[in-house]
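Chemist: need a structure here:
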Amino acid sequence: MSTFRFNRRYFLLSLLLFVVEVLIALYLHDPFIRPFGGDFLIVIWLYCLVRAFFDWRVRPTALGVLVFAYGVEIGQYYHSAAFITSLLFRQVTAGRLAFIGLLVGTTFEWRDLLAYTLGIGWVLLAEGAFFKNRRL
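Modeler: Residues are numbered from 1 along each chain as shown. Here you go, the predicted structure:
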């Protein structure tokens, strides 16, 4: 099945992508890179983070990350931040709701699904191009 195995290359790449995501969130307030580029990169970051700790095959891992991202986005459509906050805390406060909203998002966007799909598509292309000997 799967084995736990630390992969330094994926871990360092996930750290780099995390820093880029934080910089985008803090300093870019444009109509394209922040909303679309950030979502494109977030699935790549998640993929690298998973691969940093698990020796899973490329395609199932990429598909799993994509399904997870879709699930989070669809959860935004159904206002999952409020639901999750009510499950985790006895009393829903604005601060708690904002924290959970920051983690899972609060606004559904169809173009986010496209960004996730393109990000995972890039992962599959990169894995095929750069790691020809890897199990896909």
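
Chemist: Three-state assignment for residue 29, please.
Modeler: coil (DSSP: H, G, I helix; E, B strand; the rest coil).

Chemist: likewise residue 6?
Modeler: Per three-state DSSP, residue 6 ends up coil.

Chemist: That one: what's it in contact with?
Modeler: 52-53 (Cβ atoms under 8 Å, 6 or more residues apart in numbering). From N, CA and C alone the C-beta is placed, and that goes for glycine too.

Chemist: Next, work out how far apart it and residue 18 are.
Modeler: From residue 6 across to residue 18, the span is 17 Å (Cβ to Cβ, to the nearest Å).

Chemist: cool, and residue 70?
Modeler: 21 Å.

Chemist: Following the chain onward from the helix or strand containing residue 43, which element is next?
Modeler: Residue 43 belongs to helix 38-53 when assigned by DSSP states H and E. Downstream of helix 38-53, the first helix or strand assigned by DSSP H and E is helix 58-77.
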